[in-house]
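**Student:** the sequence and its predicted three-dimensional model are supplied below.
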Amino acid sequence: MIRVAINGYGTIGKRVADAVAAQPDMEIVGVSKTRPSAEAFVAAKREYPLYIADLGRKEAFDKAGLAVAGSVDDMLAKCDLVVDATPGGVGAKNRAIYERHNIKAIWEGGEKHEVAGFSFNSSCNYEGAIGRQFVRVVSCNTTGLCRIINAIDQNIGVSQVRATMVRRGSDPGGIKKGPVDAVVLNPVTIPSHHGPDVNTVLPDIDIVTLAMIVPTTFMHMHVLQMNLKREADREEILKIIEEHPRLGLVRGSTGITSTAEIKEYASDLLRPRSDLWENCIFEESVAVINGTELFMFQAIHQEADVVAETVDAIRAMAGDVKDGATSIAMTNKAIGLSPL
Ligand code: NAD
């Protein structure tokens, strides 16, 4: 069993913890919190040993009736690998601690590529992570872009990608961020950082991205255009999507044309937390113009898509499962991911 610790039990950390706990070859040795928030109570209900970054705050946990198993240092001493899901920028500062403990570590997309020196996506470069000590799982938007771009590139060939990211303003539980009533160009300059981030996984793709933030919490929406290296028809593209283990099709027959309806659908399907781990590509949007210009809309559930990737990264780094397809199948089965 791979012994996994989660440093930072928030939006991503709590989901990764549940996904890891569901795997046959992994176990959770502990999760960490900075204060006794609602998520700390969830961790206690799930029976994940709770560790705290600053033992000076133990009294606050005691008062809340939450048992503290020890410090983050104590937790790190018990694990083979830590998933750092602290807020962006915090994780990089933890690298020295992980080195001192001589453990493997995964960072999430809020950290720069340099924190680990290897940026990961299961469908694109699983094999490159085998046996590594440090890996960064790219952000939710980059994960969604890498999956579809690589699938089309491997099967048909992609000469150029142009994409616009319409990003959610906050996660549903977030009460401190906005915008409330605005479309914010983020950044106002073109290109955005997403294209270079895709290149950390797929270095040979010619990609330019633009991004804006809108007042919604459910999901991001991508407007994607790819120039193909050879002529292809819509049916060929749909088949590639249907055969990919992490690409989902929002069927035209469902009548769904919005992120709100996809989330409702996931909720009705009794997905945990109504999570959508797969890209949600609108079937009716897939269009090939002039034989080589491919267009589509895809919605990305920011809280979920990186969770499945993180589980695969753990397996690759542990080194026992040598191919990505096997790990993806294991992860999907354990968490109940069968693409839309
Ligand atoms: P979050 O704020 O929801 O959760 C972070 C957790 O870390 C909180 O529980 C916080 O209490 C805890 N924490 C803060 N400082 C800590 C410390 N020093 N030691 C231990 N715990 C600490 O953040 P999140 O959205 O889960 O983001 C985590 C990472 O995942 C970031 O790199 C982020 O960019 C990335 N990510 C986030 C999303 C998203 O949409 N939320 C999507 C993909 C990737």
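**Tutor:** On my side now, so go ahead. Numbers count the residues shown, from 1 in each chain.
**Student:** from here on, just use CA atoms for contacts and neighbour counts.
**Tutor:** OK.
**Student:** could you report the neighbour count for the residue of the stretch 51-200 of the chain found nearest the ligand?
**Tutor:** Nearest to the ligand in the stretch 51-200 of the chain, going by CA to the nearest ligand atom, is Gly110, at a distance of 3.1 Å. When neighbours are counted by other CA atoms under 10 Å, Gly110 registers 19.
**Student:** who's in contact with the longest strand anywhere in the chain?
**Tutor:** Longest strand of the chain, by residue count under DSSP state E: strand 158-168. Applying CA atoms under 8 Å, 6 or more residues apart in numbering, the contact partners of strand 158-168 are 141, 149, 152, 205-229.
**Student:** redo that, cut-off 6 Å
**Tutor:** Residues from elsewhere that reach strand 158-168 (CA atoms under 6 Å, 6 or more residues apart in numbering): 206-214, 216-217, 219-229.
**Student:** how about stretch 260-273 as CSV, C-alpha atoms only?
**Tutor:** Extracted C-alpha coordinates of stretch 260-273, given in CSV (Å, rounded to 0.1, in the frame of the first residue of the first chain):
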residue,chain,number,x,y,z
ALA,A,260,-25.7,24.8,-14.5
GLU,A,261,-27.5,22.0,-16.2
ILE,A,262,-24.4,19.7,-16.4
LYS,A,263,-23.9,20.2,-12.6
GLU,A,264,-27.5,19.3,-12.0
TYR,A,265,-27.1,16.2,-14.2
ALA,A,266,-24.1,15.1,-12.2
SER,A,267,-26.0,15.7,-9.0
ASP,A,268,-28.9,13.6,-10.3
LEU,A,269,-26.5,10.9,-11.3
LEU,A,270,-25.4,10.8,-7.6
ARG,A,271,-21.8,11.7,-8.4
PRO,A,272,-20.0,12.4,-5.1
ARG,A,273,-20.2,16.2,-4.6
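**Student:** so where do the helices sit in the protein?
**Tutor:** Secondary structure of the chain (DSSP state H): helices located at 11-21, 38-45, 58-63, 72-77, 95-101, 122-125, 140-155, 194-201, 234-243, 259-268, 305-318, 324-335.
**Student:** return the most buried member of those helices.
**Tutor:** Ranked by mean neighbour count, those are led by helix 305-318 with a mean of 26 (mean count of other CA atoms under 10 Å).
**Student:** per-residue pLDDT of Arg234, please?
**Tutor:** pLDDT recorded at Arg234 is 98.
**Student:** begin at 55 from here
**Tutor:** Sounds good: first residue 55 from here, last item Arg288.
**Student:** state the distance from it to Val340.
**Tutor:** 7 Å (CA to CA, to the nearest Å).
**Student:** residues of the stretch 105-254 of the chain that sit close to the ligand?
**Tutor:** Neighbours of the ligand within the stretch 105-254 of the chain, by CA under 6 Å from any ligand atom: 107, 139-142, 162-165, 193-194.
**Student:** switch the cut-off to 5 Å
**Tutor:** Residues of the stretch 105-254 of the chain lying close to the ligand (CA under 5 Å from any ligand atom) are 139-142, 162-164, 193-194.
**Student:** dump those residues into a markdown table; add pLDDT as well.
**Tutor:** Output for these, formatted as a markdown table (pLDDT from 0 to 100):
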| residue | pLDDT |
| --- | --- |
| Ala139 | 98 |
| Thr140 | 97 |
| Pro141 | 95 |
| Gly142 | 93 |
| Glu162 | 98 |
| Gly163 | 97 |
| Gly164 | 97 |
| Ser193 | 98 |
| Cys194 | 98 |
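**Student:** for those, which ChimeraX command selects only the ones that are buried?
**Tutor:** Entered in ChimeraX, the line below selects the buried ones among these, by 16 or more other CA atoms under 10 Å:
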select :139,140,141,162,163,164,193,194
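**Student:** off-centre distance for stretch 268-285?
**Tutor:** For stretch 268-285, the separation from the chain centroid amounts to 16 Å (computed by CA atoms, centre = their mean, to the nearest Å).
**Student:** closest residue of the stretch 255-394 of the chain to the ligand?
**Tutor:** Distance from the ligand to each residue of the stretch 255-394 of the chain (CA to the nearest ligand atom) is smallest for Gln356, at 4.2 Å.
**Student:** isn't that residue up against Thr196?
**Tutor:** No: using CA atoms under 6 Å, Gln356 makes no contact with Thr196, being 10.3 Å away.
**Student:** for the closest residue to Gly142 other than its chain neighbours, what are phi and psi?
**Tutor:** Nearest residue to Gly142, sequence neighbours excluded (CA to CA, 6 or more residues apart in numbering): Gly164, at 4.0 Å. Dihedral pair for Gly164: phi -70, psi -10, per degrees, to the nearest 10.
**Student:** show me what contacts the most centrally placed residue in the chain?
**Tutor:** Note on the chain: the residue nearest the mean C-alpha position is Val360, at 1.3 Å, using CA atoms, centre = their mean. Val360 sits next to Cys194 when contact means CA under 6 Å, 6+ apart.
**Student:** please name the nearest non-neighbouring residue to Arg149.
**Tutor:** Sequence neighbours aside, Val169 is the residue nearest to Arg149 in space, at 7.6 Å (criterion: CA to CA, 6+ apart).
**Student:** distance check, the closest residue to Arg111 other than its chain neighbours against Asn156.
**Tutor:** Excluding the flanking residues, the one nearest Arg111 by CA to CA, 6+ apart is Arg89, at 7.4 Å. Here Arg89 is placed at a distance of 27 Å from Asn156 (CA to CA).
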